[in-house]
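# Need coordinates for the following:
(chains A and B)
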Amino acid sequence: MTSAWSITAAVNPPRAAFVDYPLGHTTGRPHDPTGQRRLLQAAFAAFRDVTEPGTIIDLSLRWDHQAWRADPMRGDSLTAPQAEPGSTPGQSDSRTERFDTPQYQSEEDRRRAELRHGEEIACRACVGFDD
Amino acid sequence: MAGNEEPPVDYIEVTRRTYDALGYPPYTWTHSEDRTPWTPLAKPLADCRIGLIASGGIYRQGQIAFHYRDDASYRVIPRDVPTDELRATHFAYDTRDARSDINVVFPIDTLRAMVRDGEIAALTAQSYTFMGGIYSARRVREQLAPELVERMIEQGADAVLLVPV
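Numbers count the residues shown, from 1 in each chain, chains lettered A, B, ... in the order given. This next block holds a predicted model:
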C-alpha cells in the first residue's frame, strides 16, 4: 500500500497500490468497514493483475476534501505546531518533536508496559519485543 | 489518473522544502536502482496465508511504545488480538483517526473479515509493526527488513501486505 507515490516510486517495490488519502489512512477511512474492505480487495487484485515489476496501481480513491494537502505532513494534532494558513507545504516543520523515549498513547499504557517490562524500558533500540 | 484532479502530494519535494527552510542538509531518500525482484503469486488468494507488516507506530497495550528517534525495533501482534488493545503513536502523521479506528493503518479487522468470508485462506499467526521515519536506511536494510522477512517465512506467509504511513 502507499499514499506517497514519489517515495514508493523511488523505492521501487514489486507491486504497490496507491490511495490518495492524507497520511495515516493508508487502509481506509475510520469507522468505514465497507470502504476499508473494498480498498483491500482492490489492492489485493494487484497480486493477480500486476505482471510488470515496479507497477503502482492507482485505486482512484480520493479524500472528500482537498484541504489536507496544504499541510500534508502534520504530526499529532495535539502536540505538533500548526503551519501558517496559506503557507506553502513544507515551509515549516509541523511534525512532532523527536523524543527518544517511548511515546505512549496514554499514561495507562505506560503504566502497564512498565509493570510488564520493568528495566527493559531503558532499551532504546531493542529489536523484536515478543509481546 | 483522472483529469481535473490534484496530483499526488510529492512528499520528497515537501520534505526538501522543510529541510531547506530549517537549514538542514537534504534528506537522502532511498532510490532503488536494482532490478525489482519479482515472484508471481503461486496460487489463488483464497488459498493464501497473508502476512501483515505496518509501519504506523502501532503497539498493543502492555508493550513498550515506540520512540521518535530512529527506532528500528518492531512489535509482534497476534492475529487474534482484541482490536481495542491496539494503539498508535507517530511523529509524522496525525494519529487521531488511527486511535479512533486502528484499521486505517493496521487493517486487522478487515483482514479477519476476509478470512471469515473465504477471500483469503488465513492470516499468519503473527503480524509485525514498527515505527516509520527511521533515518538510517542502512539499519532498515541490514537489520530490520531481513529480520521481518525471516519471521514472515517462518510464519508460512504466501504473500505479505505492507502498510506504510
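
# make it CA atoms for all contacts and neighbour counts henceforth
OK.

# Chain A - how does it break down into domains?
A:5-64, A:72-120 (automatic domain parsing).

# Of those domains, which is nearest B:P44?
Closest to B:P44 of those, according to CA to CA: domain A:5-64, at 8.2 Å.

# That closest one: how far from the chain's middle?
Domain A:5-64 has its average C-alpha position 12 Å from the chain's average C-alpha position, going by CA atoms, centre = their mean, to the nearest Å.

# Just put the domains of chain A in TSV and tack on mean pLDDT, distance to B:V163 and mean neighbour count.
TSV is the format used below for these (pLDDT from 0 to 100; distance: least, CA to CA, whole Å; neighbours: other CA atoms under 10 Å in any protein chain shown):
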stretch	mean pLDDT	distance to B:V163	mean neighbour count
domain A:5-64	95	7	18
domain A:72-120	72	17	17
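
# B:R139 is in contact with B:D70, isn't it?
No: the pair B:R139 / B:D70 is not scored as a contact, 9.1 Å apart, by CA atoms under 8 Å.

# which of the two has more neighbours?
B:D70 (20 against 14; other CA atoms under 10 Å in any protein chain shown).

# now B:E150: how far from B:Y128?
12 Å (CA to CA, to the nearest Å).

# if we can go back for a sec, dump the domains of chain A to TSV, plus distance to chain B.
Output for the domains of chain A, formatted as TSV (distance: least, CA to the nearest CA, whole Å):
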stretch	distance to chain B
domain A:5-64	5
domain A:72-120	4
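
# Which stretches in the chain count as strands?
If you meant another chain, say so; for now it's chain A. A:15-20, A:55-62 (DSSP state E).

# Actually, chain B is the one I wanted.
Counting by DSSP E, the strands of chain B are B:49-54, B:58-60, B:74-78, B:86-88, B:122-123, B:126-130, B:159-163.

# hey, which of those is tucked in deepest?
Among these, ranked by average contacts under mean count of other CA atoms under 10 Å in any protein chain shown, first place goes to strand B:58-60 (a mean of 26).

# follow-up on the earlier one: among the domains of chain A, which comes closest to B:S55?
Of those, nearest to B:S55 by CA to CA is domain A:5-64, at 10.3 Å.

# Show the contacting residues for the most centrally placed residue in chain A.
Of all residues in chain A, the one closest to the mean position by CA atoms, centre = their mean is A:G24, 3.8 Å from it. The contact partners of A:G24, taken as CA atoms under 8 Å, 6 or more residues apart in numbering or on different chains, are B:56, B:93-95, B:97-98, B:104-105, B:165.

# related to what we said a few turns ago, reformat the strands of chain A into JSON lines and put distance to B:G132 next to each item.
Formatted as JSON lines, the strands of chain A follow (distance: least, CA to CA, whole Å):
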{"stretch": "strand A:15-20", "distance to B:G132": "17"}
{"stretch": "strand A:55-62", "distance to B:G132": "20"}
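
# For B:Y135, which of those is the nearest?
strand A:15-20 (22.3 Å).

# Please report how far the most centrally placed residue in chain B lies from chain A.
Compute the mean C-alpha point of chain B, and by CA atoms, centre = their mean the closest residue is B:A54, 2.3 Å away. As defined by CA to the nearest CA, to the nearest Å, B:A54 lies at a distance of 10 Å from chain A.
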